[in-house]
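> Here is the input, now give the coordinates:
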Amino acid sequence: MSAKQKNIAIGKPLVIIGVLLSIFIILMLGSLVYVGDKRATLQRHVELSADELLLSQQMATYSLSASSGDEDSFDDLHNARIKFDNILNSFRSGGAVTTALPESLIPSLDSVEADWRNYRNNVEVILNGRQSISEVKDLYQVIESFIPQMLTYSDEVVGVLIEKNSSPRQVYLATRQMMLSQRIKNNLNQVLAGGETAAAAADRFGRDAALFGRVLEGLLKGSKGLRIDKVTDKEAIAKLREVAMLISAVSDNIAGILELSPELFEVKDAASLVRDNSAQLLFSLEALQEEIIAQGDELDLIQLVGIVFGGMAVLLIIIGGILLLKDARRREESALENNRRNQRAILRLLDEMANLADGDLTVHATVTEEITGAIADSVNFTIDALRTLVTTINATASEVSQSTEKTQNTALELADASNKQAREIASASAAVTDMAESMSTVSNDADNSAKVAQQSVEIAQKGADVVRGTIGSMENIRETIQETSKRIKRLGESSQEIGDIVGLITEIADQTNILALNAAIQASTAGDAGRGFAVVADEVQRLAERAGNATKQIEGLVNTIQADTHEAVKSMEMSTAGVVSGASMAEDAGVALKEIESVNTELSNLIKGISDSTKQQSKVALSVSDSMNVIQEITLQTSEGTEETSASLSALNELSGELGRSVSGFKLPTSDENDNIDTVILEKQA
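Numbers count the residues shown, from 1 in each chain. Next up, the predicted model:
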C-alpha cells in the first residue's frame with residue numbers, strides 16, 4: 001500500500017472520531033452550561049423566597065412596634081413592604097432582580113399573592129395611620145409627664161387638709177383625686193395597648209378626666225350638686241390651682257387622644273390582623289419554596305447526561321490518540337528515507353557551486369527532479385542576475401564619475417553667489433531694525449502722553465464727583481433744615497396748645513380756690529362737726545394756689561419757647577436760601593468740570609490712536625526685520641548646503657571608483673560563452 005493510500009486509510013477514522021468528539025463536547029458543554037444557568041437562577045429563587053419568609057415575619061414585628069408609636073418601625077415596615085412587592089413582581093414577570101418563575105409554580109405563586117393581598121392591606125392601614133399614631137404618642141408623653149406632678153400636688157393637698165382639720169368629705173374627695181389620676185394613666189395605657197378592652201378603657205378614660213375636673217372645681221369654688229364645700233386654706237388653694245393648671249393641659253391632650261382613638265383602634269386592629277395572617281402567609285411561602293427547591297431534581301438528571309457525554313468524548317480522544325501515534329511512526333520512517341535522498345542531491349549541488357564562491361559567474365548548476373532541482377534553477381537565475389548587475393555597475397560607475405565632476409563645479413559657483421546675497425540682506429536688515437527702534441521710541445512717548453491725558457481725565461472726573469457729592473450734601477442739608485423748620489413750627493403750635501391748656505388749668509385752679517373758700521365758710525358755720533372738713537378745704541385752697549403759681553410759670557416758659565421758635569424758623573429759612581445758592585454755584589462748577597473732562601477724554605483718545613498706529617508700524621518693521629534675518633539665515637544655510645553638496649559629490653566620485661573596483665573581481669563570460677549558456681537554459685526549460 002502506498003503512503004498516500006495509507007494516509008487516506010488512517011484519515012477517515014480520524015475524521016469520524018473528530019466529528020463525534022465535537023458533537024459529544026458540544027452536548028456536554030451545552031448541558032453543563034444549561035444546568036449551571038438554571039441552577040444559578042434556582043439558587044436566586046431560593047434566596048429570594050427565603051427573604052420573603054424573613055420579611056413576612058419581620059413585618060409582623062414591625063407592625064406591632066409601629067402601632068405602639070415606634071417611628072423607626074414605620075420606616076422598616078415601609079421598606080419591607082416595598083421589597084416584598086418587588087420580589088413578588090420579579091417572580092411573576094421577571095426583572096433586574098431575577099427571572100420569572102416557571103409555569104409549573106404559578107399556582108403556588110397565586111396562593112402567596114392572595115394571602116399577601118390581605119396581609120398588605122393591613123400593612124397599608126398601619127402606614128396610613130402613622131401621623132395619628134405619632135400625634136397620640138406626643139399627647140401621651142405630655143399627659144405622662146403631668147400625671148406625676150398631679151399626684152404630687154394632690155398628695156400635698158390631702159396633707160394640708162388633714163393638717164388643717166378640714167371636713168372628712170373634703171379629705172375623701174382630695175384622696176379620690178389621687179386615685180382618679182392614677183386610673184387616668186392606667187386607662188390611657190390600655191387605650192394605647194389596644195385590644196378588646198381599649199374601647200371601654202377610652203370611655204373610662206374620658207369619664208374619669210371629666211369627674212376629676214368637676215371635683216377639682218368644686219374644691220376651689222364649692223358645689224351644692226356634688227355636696228362639696230369650698231376649700232378655704234390658702235396653701236391648699238394654691239396647690240389646687242396648680243393641679244387645675246395641670247388638669248387643664250391634661251384634659252386638652254385627653255380630648256386629642258379621644259378624637260384620634262378611632263384611627264388608633266383601626267391601626268391596632270390592623271397590627272393584630274397582620275400578626276394573625278403572618279402564619280398563613282408563612283405557610284404559603286414555605287410551600288412555594290419547597291416547589292422551587294424540587295426543580296433542582298430535573299437539573300441533576302440533565303447534569304448526569306452531560307457527564308456521560310463528557311466520558312464518551314474522553315474515550316474518543318484516547319482512540320484518536322492511538323491512531324495518531326501509529327501514523328506518526330509511519331511518517332517518521334518515510335521522512336528518514338527522504339532525508340537520505342536529499343543529502344545526496346545537496347552534496348552534488350555544493351560541488352557544482354564551489355567555483356561560484358570564487359566569483360566565477362560562468363558556472364551553471366544541473367537541474368534535476370530531486371529536492372535540489374528548484375534550488376539549482378534558482379541558483380542559475382541568480383547567477384544570470386549577478387552577471388547583469390555587475391555589468392550595469394561597471395557602466396554606471398563610469399557615468400557617475402563624469403556627472404559628479406560637472407555638478408561639483410556648478411555647486412561651487414552657487415556657493416559664491418549665496419555668500420554675496422547674505423551680505424546684502426544683512427545690510428538691509430540693519431536699516432530696518434534702526435527704523436523699528438525709532439518707531440518704538442515714538443510709541444513710548446505717545447504712551448506717556450496718553451497716560452498724562454488719562455490722569456487729567458481721572459482728576460476731572462474726581463472733581464466732578466466731589467461737586468456732585470457737594471450738591472447732594474447741600475440738598476440733604478436743605479431738606480434737613482426744611483424738616484427741622486416744620487418740626488419747630490409744630491413745636492410752636494404745640495406750645496400754643498400748651499398755653500391754652502395752662503389757661504384752662506388756671507381757670508380750674510381759680511374755681512377750686514373759690515370752692516375751697518366756700519367750703520371753709522360752710523365748715524366754720526358747722527362748728528365742731530365741720531372742723532375736719534375745714535382742714536381739708538384749707539389744704540385744697542393751698543393746692544389751688546400752688547397750681548395757679550405753677551401755671552403762671554408754665555405760661556412764661558411757653559411764651560419764651562414760642563419766641564425762640566419764631567426766631568429759629570427765620571434762621572432756618574435764611575440757611576435754606578444760602579444752601580440753595582451754594583448748590584447752584586456747585587452745579588455751575590460741575591458743568592465746567594464736565595466740559596474739562598470731555599476735552600481731556602477726546603485728547604486722550606487722539607494720543608492713544610497715535611500710540612496704537614506707531615506701535616503697529618513698529619511691529620511691522622520688526623516683522624520685516626525678522627523676515628530679513630530669516631532670509632539671511634536661509635541664504636547662509638543654502639551656501640553651507642552648496643559647499644556640503646560639493647564635498648558630497650567629491651565623495652560620491654570616490655565611491656563610484658570604489659564600486660568599480662569592488663566588482664572587478666567577478667569573472668564574466670565572453671559573448672560566445674553567453675550564447676552557449678543561454679542555449680543550455682532554453683533547452684532545460686524546454
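> which residue ranges form the helices in this structure?
Using DSSP state H, the helices of the chain run over 3-67, 71-93, 106-128, 130-163, 168-193, 198-221, 234-294, 296-352, 372-526, 531-662, 671-685.
> Stretch 60-74 spans what distance, first to last residue?
12 Å (C-alpha to C-alpha, to the nearest Å).
> who touches that stretch?
With C-beta atoms under 8 Å, 6 or more residues apart in numbering as the contact definition, stretch 60-74 has outside contacts at 76-77, 80, 122-123, 126-127, 129-130, 133-134, 136-137, 140, 192, 194, 267-268, 270-271, 274-275, 278. Heads up, the C-betas are built off the backbone N, CA and C, glycines and all.
> how far away is residue 462 from residue 596?
12 Å (C-beta to C-beta, to the nearest Å).
> Comparing those two, which shows the higher neighbour count?
Neighbours per residue (other C-beta atoms under 10 Å) separate residue 462 from residue 596, with residue 596 holding more: 17 against 12.
> Name the residue closest to the centre of the chain, please.
The centroid of the chain falls nearest to residue 79 when counting by C-alpha atoms, centre = their mean (25.2 Å).
> so who does it touch?
Counting by C-beta under 8 Å, 6+ apart, residue 79 touches no other residue.
> Turn the helices of the chain into JSON lines, including distance to residue 99 and mean pLDDT.
Formatted as JSON lines, the helices of the chain follow (distance: least, C-beta to C-beta, whole Å; pLDDT from 0 to 100):
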{"stretch": "helix 3-67", "distance to residue 99": "6", "mean pLDDT": "70"}
{"stretch": "helix 71-93", "distance to residue 99": "8", "mean pLDDT": "82"}
{"stretch": "helix 106-128", "distance to residue 99": "13", "mean pLDDT": "82"}
{"stretch": "helix 130-163", "distance to residue 99": "35", "mean pLDDT": "75"}
{"stretch": "helix 168-193", "distance to residue 99": "46", "mean pLDDT": "74"}
{"stretch": "helix 198-221", "distance to residue 99": "47", "mean pLDDT": "74"}
{"stretch": "helix 234-294", "distance to residue 99": "12", "mean pLDDT": "75"}
{"stretch": "helix 296-352", "distance to residue 99": "15", "mean pLDDT": "71"}
{"stretch": "helix 372-526", "distance to residue 99": "65", "mean pLDDT": "72"}
{"stretch": "helix 531-662", "distance to residue 99": "75", "mean pLDDT": "71"}
{"stretch": "helix 671-685", "distance to residue 99": "74", "mean pLDDT": "50"}
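> Looking at those, which is nearest to residue 227?
Ranking the helices of the chain by proximity to residue 227 (C-beta to C-beta) places helix 168-193 first, at 7.1 Å.
> Now do that closest one: distance to the chain's middle.
The gap between the average C-alpha position of helix 168-193 and the chain average comes to 58 Å, counting by C-alpha atoms, centre = their mean, to the nearest Å.
> other SSEs contacting it?
For helix 168-193, the elements it packs on are helix 130-163, helix 198-221, helix 234-294, judged by 3 or more C-beta pairs under 8 Å, 6 or more residues apart in numbering; DSSP states H and E.
> let's go with 7 Å and repeat that
When contacts are defined as 3 or more C-beta pairs under 7 Å, 6 or more residues apart in numbering; DSSP states H and E, helix 168-193 sits against helix 130-163, helix 198-221.
> Restrict the shortest one to CA atoms and write it as PDB.
This file holds the C-alpha atoms of helix 198-221, laid out as PDB (Å, rounded to 0.1, in the frame of the first residue of the first chain):
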ATOM      1  CA  ALA A 198     -59.400  49.500  74.500                       C
ATOM      2  CA  ALA A 199     -62.800  51.000  73.800                       C
ATOM      3  CA  ALA A 200     -64.100  50.500  77.300                       C
ATOM      4  CA  ALA A 201     -60.800  52.000  78.600                       C
ATOM      5  CA  ALA A 202     -61.200  55.000  76.400                       C
ATOM      6  CA  ASP A 203     -64.700  55.600  77.800                       C
ATOM      7  CA  ARG A 204     -63.500  55.300  81.400                       C
ATOM      8  CA  PHE A 205     -60.500  57.500  80.500                       C
ATOM      9  CA  GLY A 206     -62.800  60.300  79.400                       C
ATOM     10  CA  ARG A 207     -65.300  60.000  82.300                       C
ATOM     11  CA  ASP A 208     -62.500  59.900  84.900                       C
ATOM     12  CA  ALA A 209     -60.900  63.000  83.400                       C
ATOM     13  CA  ALA A 210     -64.300  64.800  83.400                       C
ATOM     14  CA  LEU A 211     -65.000  63.800  87.000                       C
ATOM     15  CA  PHE A 212     -61.600  64.900  88.100                       C
ATOM     16  CA  GLY A 213     -62.200  68.300  86.700                       C
ATOM     17  CA  ARG A 214     -65.700  68.700  88.300                       C
ATOM     18  CA  VAL A 215     -64.400  67.700  91.800                       C
ATOM     19  CA  LEU A 216     -61.400  70.000  91.400                       C
ATOM     20  CA  GLU A 217     -63.700  72.900  90.500                       C
ATOM     21  CA  GLY A 218     -66.000  72.000  93.500                       C
ATOM     22  CA  LEU A 219     -63.000  72.100  95.900                       C
ATOM     23  CA  LEU A 220     -62.000  75.500  94.600                       C
ATOM     24  CA  LYS A 221     -65.400  77.100  94.300                       C
END
